[in-house]
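Trainee: using only what follows, build the 3D model:
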Amino acid sequence: MNMETIKELAQDYIKRERHELFRSDVLNALEHGDAEGLNDRFYQELTFGTAGMRGVIGGGTNRMNPLTVSMVTQGLAAYLSSSRDNPLAVIAYDSRNYSQLFAETAASVLCANGIRAFMFRSLRPVPMLSFALRYLKADAGITITASHNPAEYNGYKVYWADGAQVTPPHDEAIVAEVNAVRAQPREIPSADLKEAQQKGLFGWIEQEVEEAYFQMVKSLALRPELFASQGDQMQVVYTALHGSGLGPVQRVLKDLGASVVTVEEQSEPNGDFPTVKNPNPEDPKAMALALEYAKNHHADIVLGTDPDADRLGIAVPVNRNKTEYHLLTGNQIAVLLCDYLYSGRGQGSGKTGVTVKSIVTSDLVRSITERWGGRCIDVLTGFKYIAQVMLELEQSSTEEFVLGAEESYGYLVETDVRDKDAVSAACMAVEMTKYHLNQRVSLLHRLEQIWSEFGYYEELVISRTLPGQRGMKQILDLMNHFRTEPIDRIAGDQVVSRTDLLNDETSLPRSNMIIFRLEEGRTFMLRPSGTEPKIKCYIFARSSLKDLEKAQSQAREVIRSYQEFFDKKLALITG
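Mentor: The predicted structure is shown next:
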């Protein structure tokens, strides 16, 4: 795109953007002749896809700002008006910069279109938005969040009446309406929220909804007596990573009787995330301060949630003195939760238990589920696909949902929410820890017991960020390389099969993902992130050696060699 075209787009944006701060951002770039910055702001429109949109905050069509929020909300409003009678939308937002502004902008557009909009009075976790949607029998939901991304990002997620992120046919229809709005630039209507409230179009989500959510989470306890009689004998350290989880997690654990120490430096909501680079409990650096607290307070378990409190990270002590801690992987947390939920549920409930996991989550979860007579279903990455199965299970008289899991630290242990829920998962993790400690078994020891029964599993997720227009092309080139080049071996291991979810006929929906199955039950998967400029590689290794130390060594050598293979391919493409 040439510079003259970019300048025209910039001038058009300045005319249409109502918020002075974001107009000034583009004006400054024009005045300083920032060609590279302007190109990045305008070379494309911020993608609004089936998972919503996410991007860097700032002025421009390729940025998160009030204008882009207004346009996508206008598209959503058009679809709601055409498909639902007297629709109601609920809105939530997290601690990210400008989240409240973007939430109010969305509400004002909905109300201007005659659509009722109810909003939380302050920041709330994603699972509470999903719960409120179902509790209030609303038609759609919006949450303003960029989940675990760095501070410069924000985003916009759309939910449907079942409480889950939108799926076909609604997602595709909303995208079409958004594209129609963008194709014919016009003034987006906006209502004054005070006036809208007087007309009955705008309102606040009342405390009753939040109390119902808290009661639901507390009712999930499989062994509530562990909290009632011994909860205060176990020490929990928790960090909210400057996000929306603090109030809900503290409230529920306190009500249950657990003793919780919070990481004070990371308690206050702050979109700049001053103590961490990435507010993501997957990142060991983000959990470092919580681990220091754990050592000082001799914690039995360490919990961390991301800004919108849908992801949960866990660390556990390695030794009895609690002077060293181990950060569990997302797969290990999924394995432990699956093991605890099924063992606590037993085999006599009358219905077959169902676990739904993403295709990139450890197959050890499947083995445990089937050990208890349950069924495990693989779906594409994205919790909305787990929610789709949950919707189908509502009609079943023989099966019931037990656990939803994604290796990226997302878990669901209830059915009243249809997205990953770190609040309820945190409470279940505390109960699980207490139960095993009563059996004189640590969580690490329980993992070893599971491995001794099913074999040792080791997984690695490689995530490489390739930003900007150039990065987008590099990701495309890398995927094309793996699609078109004959790859018979990976690090010396024979490829047994290759499945291209974009082109091959499978039971899963079409997706930009390639799966290599190798000898000894090993797997190598590639897919671009749907929300970030990243390419992800998933490596799965398993060893059936009875000696745990030798099994670990064997699996880790496989992981290392596959990682080297991927890095060489990436270097070939990126130069």
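Trainee: contacting residues for Leu460?
Mentor: 538-539, 559, 562-563 (C-beta atoms under 8 Å, 6 or more residues apart in numbering). Using the backbone N, CA and C atoms, a C-beta is placed for each residue, glycine as well.
Trainee: so the closest residue to Ser511 other than its chain neighbours versus Leu403, what's the distance?
Mentor: Computed as C-beta to C-beta, 6 or more residues apart in numbering, the closest residue to Ser511 that is not its neighbour in sequence is Leu501, at 4.4 Å. In this view, Leu501 and Leu403 are 24 Å apart by C-beta to C-beta, to the nearest Å.
Trainee: so if I had to pick from the two, which one is more boxed in?
Mentor: Ranked by neighbour count (other C-beta atoms under 10 Å), Leu501 and Leu403 place Leu403 first, with 28 against 19.
Trainee: let me see the contact set for that one.
Mentor: Counted by C-beta under 8 Å, 6+ apart, Leu403 has contacts 334, 337-338, 341, 355-356, 365, 369, 411-413.
Trainee: out of these, name the ones that lie in strands.
Mentor: Secondary structure assignment by DSSP state E places 355-356, 411-412 of those in strands.
Trainee: out of the residues you listed, who's nearest Met287?
Mentor: The nearest member of these to Met287, counting by C-beta to C-beta, is Tyr411 at 16.9 Å.
Trainee: pretty sure the closest one is touching Cys427, no?
Mentor: No: Tyr411 is beyond contact range of Cys427, at 11.3 Å (criterion: C-beta atoms under 8 Å).
Trainee: find the nearest non-adjacent residue to Val379, please.
Mentor: Nearest non-adjacent residue to Val379, counting by C-beta to C-beta, 6+ apart: Tyr385, 3.7 Å away.
Trainee: which phi and psi does the one you found have?
Mentor: phi -70, psi -30 (degrees, to the nearest 10).
Trainee: how about Ala315?
Mentor: Phi and psi for Ala315, reported as degrees, to the nearest 10, are phi -130, psi 150.
Trainee: number of nearby residues for it?
Mentor: Using other C-beta under 10 Å as the criterion, Ala315 is surrounded by 22 other residues.
Trainee: correct me, but it touches Leu291?
Mentor: Yes: using C-beta under 8 Å, Ala315 is in contact with Leu291, at 6.0 Å.
Trainee: anything in contact with each of these two?
Mentor: Residues touching both Ala315 and Leu291 (C-beta under 8 Å, 6+ apart) are 302, 325, 327.
Trainee: would you list the residues you listed in a markdown table and tack on distance to Leu443 and secondary structure?
Mentor: Below are those laid out as a markdown table (distance: C-beta to C-beta, whole Å; DSSP: H, G, I helix; E, B strand; the rest coil):
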| residue | distance to Leu443 | secondary structure |
| --- | --- | --- |
| Val302 | 11 | strand |
| Tyr325 | 11 | strand |
| Leu327 | 12 | strand |
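Trainee: and which of the residues you listed is nearest to Asn270?
Mentor: Taking those together and measuring to Asn270 by C-beta to C-beta, the closest member is Val302, at 20.7 Å.
Trainee: related to what we said a few turns ago, Throw the shared contacts of Ala315 and Leu291 into TSV and include neighbour count, distance to Glu4 and pLDDT, thanks.
Mentor: As requested, the shared contacts of Ala315 and Leu291 are exported to TSV (neighbours: other C-beta atoms under 10 Å; distance: C-beta to C-beta, whole Å; pLDDT from 0 to 100):
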residue	neighbour count	distance to Glu4	pLDDT
Val302	29	55	98
Tyr325	22	57	97
Leu327	20	51	97
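Trainee: can you give the domain ranges for this protein?
Mentor: Per automatic domain parsing, the domain ranges recorded for the chain read 3-211, 233-327, 331-420, 455-574.
Trainee: give me the distance from the shortest one to the chain's centre.
Mentor: How far domain 331-420 lies from its chain's middle: 16 Å, per C-alpha atoms, centre = their mean, to the nearest Å.
Trainee: kindly report the same for the first one.
Mentor: The chain centre lies 19 Å from the centre of domain 3-211; the measure is C-alpha atoms, centre = their mean.
Trainee: quick revisit: now, of the contacts of Leu460, which are buried?
Mentor: 538-539, 559, 562 (16 or more other C-beta atoms under 10 Å).
Trainee: from these, which land in helices?
Mentor: Those of the buried ones among the contacts of Leu460 mapping onto helices are 559, 562, per DSSP state H.
Trainee: between the buried ones among the contacts of Leu460, which is nearest Glu152?
Mentor: When the buried ones among the contacts of Leu460 are compared for distance to Glu152 (C-beta to C-beta), Tyr538 wins out at 26.5 Å.
Trainee: distance of that closest one from Ile359?
Mentor: Distance from Tyr538 to Ile359, counting by C-beta to C-beta: 9 Å.
Trainee: can you list residues touching both of those two?
Mentor: Common neighbours of Tyr538 and Ile359 are listed as Met525 (criterion: C-beta under 8 Å, 6+ apart).
Trainee: what does stretch 363-376 contact?
Mentor: Against stretch 363-376 from outside (C-beta under 8 Å, 6+ apart): 331, 334-335, 338-339, 342-343, 345, 347, 352-357, 399, 402-403, 405, 450, 453-454, 457, 540, 542.
Trainee: tell me which other helices or strands the helix or strand that contains Leu67 touches.
Mentor: Under the criterion of DSSP states H and E, Leu67 resides in helix 66-83. On a contact count with 3 or more C-beta pairs under 8 Å, 6 or more residues apart in numbering; DSSP states H and E, helix 66-83 meets strand 53-56, helix 99-112, strand 140-144, strand 153-160, helix 170-183.
Trainee: deepest of the ones you listed, which one?
Mentor: Per residue and on average, the most neighbours among these fall to strand 140-144, with a mean of 28 (mean count of other C-beta atoms under 10 Å).
Trainee: could you list every helix and strand in contact with it?
Mentor: helix 66-83, strand 88-93, helix 99-112, helix 126-135, strand 153-160.
Trainee: make CSV out of the helices and strands packed on helix 66-83 and add mean pLDDT and distance to Thr68.
Mentor: Output for the helices and strands packed on helix 66-83, formatted as CSV (pLDDT from 0 to 100; distance: least, C-beta to C-beta, whole Å):
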stretch, mean pLDDT, distance to Thr68
strand 53-56, 94, 7
helix 99-112, 98, 9
strand 140-144, 98, 12
strand 153-160, 97, 8
helix 170-183, 93, 9
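Trainee: now those as a markdown table including distance to Glu195?
Mentor: Listed next are these as a markdown table, based on distance: least, C-beta to C-beta, whole Å:
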| stretch | distance to Glu195 |
| --- | --- |
| strand 53-56 | 28 |
| helix 99-112 | 9 |
| strand 140-144 | 20 |
| strand 153-160 | 24 |
| helix 170-183 | 24 |
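Trainee: tell me which of these sits nearest to Pro467.
Mentor: Per C-beta to C-beta, nearest to Pro467 of these: strand 53-56, 9.3 Å.
Trainee: tell me where the stretch 251-400 of the chain has strands.
Mentor: Counting by DSSP state E, counting those that start in this stretch, the segments of the stretch 251-400 of the chain that form strands are 259-262, 301-305, 312-317, 325-327, 352-358, 375-379, 399-406.
Trainee: contacts only, for the closest residue to Gly471 other than its chain neighbours.
Mentor: Once flanking residues are discounted, Gly471 sits nearest to Pro533: 5.1 Å by C-beta to C-beta, 6+ apart. For Pro533, the contacting residues are 465-468, 471-472, 475, by C-beta under 8 Å, 6+ apart.
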